[in-house]
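[1] Need the 3D shape of this:
(one chain, ligands or ions: 1)
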Amino acid sequence: MTQHDPATAPEASATAGPSAAGTSGSSAAGPAAEEAAPGTRPRRRSTATDIALIATFAALIAVCAILPAISVGGLVPITLQTFGVILAGAVLGARRGFLAVLLYLAVGAIGLPVFAGGSAGLAPFAGPSAGYLVAMPLAALLCGFIVERLPRTKVAASVPLVFAAGFVSSIVFIHPLGALGMSWLGGLTLQQAFIADLAFWPGDVVKNLLVGIVATAVHRAFPALLPRRR
Ligand SMILES: O=C(O)CCCC[C@@H]1SC[C@@H]2NC(=O)N[C@@H]21
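    The predicted structure follows:
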């Protein structure tokens, strides 16, 4: 019979639920779920768990991308991709969120039809949506960077704060780089490109609100999911 030894179950730190995180006092170093019980080795965050989370979010972004896109009559359609991208940063934190988006882009680049409209390969990186694709890992990185620095109680409770982290990331990376791409590779003037990008702002607000709702719920359920701050 196999026995479950918490000290040798590193995935517990990433998947511990609310009760696990709140069973003893937190140290300044991080959540209680990662403290070692007396006489046991400290728990380490599992690489296998991280890889599984990164792959799961890459798959989620792919699903968001291949759901039917809405054409707004321009060069680039409305898609759900940025919901998955920003959610990856908000849930996994900067590093793993960035890697999840990179994995998604790599899978598409090598030929799986996971880009908007079921396209694949390197062509999307040379077309009008290239700026948006390049911006995606950076937006996940920034959203994760911000969320990791919020008080953990806020990350689990404040939809507006997580929404703001996602929206700031969109404003800093998605919209400017997307518009630059439409101008550079889509033959629009800069002014036309920034005007074309305005079509994505209402959807962006809705997607970031959804990120706020979903990410806070996930962090309530798995309080040790974000990396510890040192
Ligand atoms: O897969 C692709 O080819 C990239 C499509 C990019 C669509 C961008 S993402 C940001 C903006 N918001 C949308 O709904 N669509 C564009």
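[2] pretty sure Leu141 is in contact with Gly97, am I right?
    Yes. Leu141 is in contact with Gly97 according to Cβ atoms under 8 Å; the separation is 6.6 Å. C-betas here are computed from N, CA, C, even on glycine.
[3] More neighbours: those two, which one.
    A direct count of neighbours by other Cβ atoms under 10 Å for Leu141 and Gly97 places Gly97 higher, at 31 against 22.
[4] re earlier: list the residues that contact both of Leu141 and Gly97?
    When Cβ atoms under 8 Å, 6 or more residues apart in numbering defines a contact, the residues bordering Leu141 and Gly97 alike are Gly89.
[5] Counting neighbours, what do you get for Gly166?
    33.
[6] how about it, what does it touch?
    86, 89-90, 143, 207-208, 211-212.
[7] Am I right that it sits in a helix?
    Yes. Counting by DSSP: H, G, I helix; E, B strand; the rest coil, Gly166 is part of a helix.
[8] how close does it get to Ala140?
    Applying Cβ to Cβ, to the nearest Å, the value for Gly166 to Ala140 is 10 Å.
[9] ok, now Leu67?
    19 Å.
[10] neighbour-wise, which of the two wins?
    Taking Leu67 and Ala140 together and counting by other Cβ under 10 Å, Ala140 has the greater number of neighbours (36 against 13).
[11] The more buried one in helix, strand or coil?
    Assignment for Ala140 (three-state DSSP): helix.
[12] Would you mind pointing out the helix or strand Trp201 falls in?
    helix 201-221 (DSSP states H and E).
[13] tell me what that helix is packed against?
    helix 81-92, helix 152-157, helix 159-169 (3 or more Cβ pairs under 8 Å, 6 or more residues apart in numbering; DSSP states H and E).
[14] and that helix, does that touch the ligand?
    Yes. Against the ligand, helix 201-221 shows contacts by Cβ under 6 Å from any ligand atom at Gly203.
[15] Distance from that helix to the middle of the chain?
    Remark: helix 201-221 is offset 11 Å from the chain centroid, using Cα atoms, centre = their mean, to the nearest Å.
[16] Could you export that helix as CSV, CA atoms only?
    C-alpha atoms of helix 201-221 as CSV (Å, rounded to 0.1, in the frame of the first residue of the first chain):
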residue,chain,number,x,y,z
TRP,A,201,-11.6,48.1,-27.0
PRO,A,202,-15.2,47.2,-26.0
GLY,A,203,-14.5,43.5,-26.3
ASP,A,204,-11.2,44.1,-24.4
VAL,A,205,-13.1,45.6,-21.4
VAL,A,206,-15.5,42.6,-21.3
LYS,A,207,-12.6,40.0,-21.6
ASN,A,208,-10.6,41.7,-18.8
LEU,A,209,-13.7,41.8,-16.6
LEU,A,210,-14.1,38.1,-17.2
VAL,A,211,-10.4,37.6,-16.3
GLY,A,212,-11.0,39.5,-13.1
ILE,A,213,-14.0,37.3,-12.2
VAL,A,214,-12.4,34.0,-13.2
ALA,A,215,-8.9,34.7,-11.8
THR,A,216,-10.2,35.9,-8.4
ALA,A,217,-12.3,32.7,-8.1
VAL,A,218,-9.3,30.5,-9.1
HIS,A,219,-7.1,32.2,-6.4
ARG,A,220,-9.8,31.8,-3.8
ALA,A,221,-9.9,28.0,-4.6
